[in-house]
Every structure is written in structure tokens, then in C-alpha cells.
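Novice: What shape does this take:
(one chain, ligands or ions: 2)
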Amino acid sequence: MTDLDTLPRTRLPALLRAMPKAELHIHIEGSLEPELIFELARRNGVALAYPSVEALRAAYAFSDLQSFLDIYYAGASVLRNEDDFFDMAMAYFRRAAADHVVHAELFFDPQTHTDRGVPIASVIRGLARACAAAERDLGVSGRLILCFLRHLSEEAAFATLEAALPHREHFIGVGLDSSERGHPPEKFARVFARCRELGLHRVAHAGEEGPPAYVWSALDVLKVERIDHGVRSVEDPALMRRLADERVPLTVCPLSNVKLCVFDALSKHNLGALLDAGLCATVNSDDPAYFGGYLNQNFVETFEALPALGARHAYQLARNSFEASFAAPAQKAAWIDRLDASFKTALAAAD
Ligand code: HPA
Ligand code: ZN
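Specialist: Ligands and ions are numbered 1, 2, ... in the order given. Below you'll find the model as predicted:
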């Protein structure tokens, strides 16, 4: 791809929107829009602390990760039945398809629901049914990654894994999310070792608010295959070399990072530095209903705020998203062929 640098900047937003891409860091409970929260609350007879959709949306002003998590867990309390999980995931898949997402690996937090008495079977069956429907009706392939809540104990994570294993065919891996500070990856060493024995893929949030040391231990102790966020890795040059040498993917979430005050502004984001250092960085939406937009919004706003990013970076980010996915090599190659074709079309139109 030689003439990428010649694409006029005015063409960039359309290129970013139209290019096929994978999303690898989306908490499905974080796609729950206020309108759907109110609809599910009505359907399930759940009382909400906010009088209206507008009042709820107005509360989405966060000072850090914890201030977000408190409201995110409250929002998830309206999810009760298998159909609620199906409806939530289908709403996400429809938005993803509109953004030309061809593959999405969805995080879900079973403990947020089982601790309220919702059977794990309802959670997993509803989400798995949505993945099948998305593939059939929207042409988006969806996979599920079960996340352990790191503010809870490793024993609780083991119990969650046990409860989920009868549904093993419906999820491809495990992750680690929730409050990062004070909950280092080492806390979950044994349960991740067990997941590895079971042949599950492994990812973990690290280096979002936590230090680079958490990225090291996610790699060395949990043996994860991707780092979620990982933006604080730039503070440690040896870690940056390791991530580049081993092409460990980082699932970066620019709008999330600004909403949770990891960066003061999008113009201060280090996505360009991560790419320039040779890392396999990707762009993702994290919790799009809470952070101001879905995947294309993340791409367009980030490229607008960072003038150093151009068409070459757009191509690299989309390509990285396929490379970093847990899909089979032949499938990745087919998606990259589609990506190349979409760039050829965009460049030809710009001539
Ligand atoms: N970080 C950690 N845990 C989370 C997040 C996040 O951004 N979103 C949902 N759970
Ligand atoms: Zn996340």
C-alpha cells in the first residue's frame, strides 16, 4: 500500500467509517443505553434512582474508573431475564454493523448478575443467542469473553468459572476487569492458570489506571494474550520493547480514557506513540453508552484530535484489530483481504 500518504485529510472520516474492522474491547453491559435501561426497568419492575433518561444521562460525568463503575453496576441491575441479555447484545450488534464492524469479541461480567440472583445460564444463553442472530442476520461474528471482577476474591472467580463451564461452548476466553488499583493481576494467578489448562484464551485490563508493573504481571503471571488498555506502558521503556517484540496487542479505548480522566484530552492521547513504537495497538469503545460513542466515533474523534494520525495509521489499526482477534488464521486473512479492497476503493475514489 504505497499511496496511503496522499489521501486528503478531508477523506479520512469517511475512510475510517467505511473500513471493515474488529472490536475487541467492549463490555456488553457498557452498551446499555439509558433508553433501554428505562425500558428494561419498566419490563422488570425495577426501581431506578433517576427520574428520566435525561437525568440518568446527565449523571454520566466521571472523575475516575471507580466513579464510572458505581453507575455502570447500577445500570446493569435492570437485566433480569435471558431476553434482556439478548436485547442488549442485539442493540450493540446493530450499531456495530452500522460501523462496519465485522467481528466483535464481547466482554461480559457474570458476577454483576449472579450476585443479584440472576442464573448464569440466563446471562450466557441470552448473549450466545444474540451472537448467533448477529452472524445470521447482520453478518457480524460475535464471540464471548467471560470477565472476572477483580475487586472480588479469587475464590469468587473460581466459583464463577465452575458455574460457567456447563456453557463452555459459548465463550472463547476469560478476562479481568473492574477496579484496577489495589487489585494486581497476581491476585488471580491460580484461576487464570486453570483457564489456561482448559484451553481458554486469556486477556486482562492492565495499565489503564494501574502501573506498568500490572502489565508485566498480566503477561508473566496470568499469561494473557492481549492487554486491555495498557496505555500506561509508555512509562516503562523495557515494557514497550517487550510489547513490540512479542506483538502483544493492546486494546486501546480513546474516548473511555478521556471520560475516565486517564488523559486530560483526546489531543493528549498516546495512541500515535504506541503505533510509532511498533505496538499492535487497536481502537475500541469499552463502554460506548457511557463514554460518548461507538467504534466509529472513537476512530473519527481520535483522528480529528491527533493530526499526526493519517490513512496509514487507519489501515494499521484495522489490520491490527484482525491480527489481534482470536479468530482462525484463514478468517483473519479473509478479513484483511476485505480491508485491502476497501482501501483500494477509497484511494481510487480520491484520485
Ligand atoms: N475498566 C475496568 N473495568 C471495566 C471497565 C473499564 O474501563 N468497563 C467496564 N468494566
Ligand atoms: Zn474495559
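Novice: can you list the residues of this protein near ligand 1?
Specialist: For the chain, the contact set with ligand 1 under CB under 6 Å from any ligand atom comprises 27, 30, 65, 72, 177-178, 205, 208, 256, 286-287. In this view, the C-beta of every residue, glycine as well, is placed from N, C-alpha and C.
Novice: and those as JSON lines, adding pLDDT and distance to residue 103?
Specialist: Shown next, in JSON lines, are the residues of the chain next to ligand 1 (pLDDT from 0 to 100; distance: CB to CB, whole Å):
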{"residue": "27", "pLDDT": "98", "distance to residue 103": "17"}
{"residue": "30", "pLDDT": "98", "distance to residue 103": "18"}
{"residue": "65", "pLDDT": "94", "distance to residue 103": "27"}
{"residue": "72", "pLDDT": "94", "distance to residue 103": "24"}
{"residue": "177", "pLDDT": "97", "distance to residue 103": "20"}
{"residue": "178", "pLDDT": "96", "distance to residue 103": "25"}
{"residue": "205", "pLDDT": "98", "distance to residue 103": "21"}
{"residue": "208", "pLDDT": "97", "distance to residue 103": "23"}
{"residue": "256", "pLDDT": "98", "distance to residue 103": "20"}
{"residue": "286", "pLDDT": "98", "distance to residue 103": "17"}
{"residue": "287", "pLDDT": "98", "distance to residue 103": "19"}
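Novice: which among those residues gets closest to residue 111?
Specialist: Closest approach to residue 111 among those (CB to CB): residue 178, at 8.8 Å.
Novice: That closest one against residue 69, yeah?
Specialist: Yes - counting by CB atoms under 8 Å, residue 178 does reach residue 69; the two are 6.2 Å apart.
Novice: can you pull up the bridge partners for the residue of the chain found nearest ligand 1?
Specialist: Nearest residue of the chain to ligand 1: residue 177, at 3.6 Å (CB to the nearest ligand atom). As for beta bridges, residue 177 partners with residue 149 under DSSP bridges.
Novice: what about it, neighbour count?
Specialist: 26 (other CB atoms under 10 Å).
Novice: separation between it and residue 248?
Specialist: Using CB to CB, to the nearest Å, residue 177 is found at 18 Å from residue 248.
Novice: Below-threshold pLDDT in the chain: ranges please.
Specialist: For the chain, applying pLDDT under 70 flags the ranges 1-2.
Novice: Which helix in it has the most residues?
Specialist: helix 329-350 (DSSP state H).
Novice: how about it: buried residues?
Specialist: Within helix 329-350, the residues that count as buried by 16 or more other CB atoms under 10 Å are 332, 335, 339, 342-343, 346-347.
Novice: Ok, stretch 96-105 next?
Specialist: Buried, per 16+ other CB under 10 Å, within stretch 96-105: 96-97, 99-105.
Novice: can you check stretch 40-53 too?
Specialist: Buried residues in stretch 40-53 (16+ other CB under 10 Å): 40-41, 48, 50.
Novice: Switch the residues you listed over to a markdown table; also include secondary structure.
Specialist: Shown next, in a markdown table, are these (DSSP: H, G, I helix; E, B strand; the rest coil):
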| residue | secondary structure |
| --- | --- |
| 40 | helix |
| 41 | helix |
| 48 | coil |
| 50 | coil |
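Novice: Residue 204: neighbour count?
Specialist: Residues near residue 204, counting by other CB under 10 Å, number 31.
Novice: That one contacts residue 173, doesn't it?
Specialist: No - applying CB under 8 Å as the test, residue 204 and residue 173 come out as separate, 10.6 Å apart.
Novice: Strands of the stretch 1-150 of the chain, residue ranges please.
Specialist: Remark: strands assigned in the stretch 1-150 of the chain by DSSP state E, counting those that start in this stretch are 21-27, 101-108, 141-149.
Novice: Pick the most buried one from these.
Specialist: Comparing these by mean neighbour count (mean count of other CB atoms under 10 Å), strand 21-27 comes out on top with a mean of 28.
Novice: what about the nearest residue to residue 202 once chain neighbours are set aside, how many residues close to it?
Specialist: Nearest residue to residue 202, sequence neighbours excluded (CB to CB, 6 or more residues apart in numbering): residue 224, at 4.6 Å. Residues within reach of residue 224, counting by other CB under 10 Å, total 27.
Novice: Please apply the same query to residue 14.
Specialist: Neighbour number of residue 14 under other CB under 10 Å is 13.
Novice: looking at it, it is touching residue 346, isn't it?
Specialist: Yes - in this structure, residue 14 is within contact of residue 346 by CB under 8 Å, at 7.5 Å.
Novice: Is it correct that the residue nearest to residue 202 is in contact with residue 205?
Specialist: No - using CB under 8 Å, residue 224 is not in contact with residue 205; the gap is 9.9 Å.
Novice: would you list every one of the strands in the stretch 251-351 of the chain?
Specialist: 281-283.
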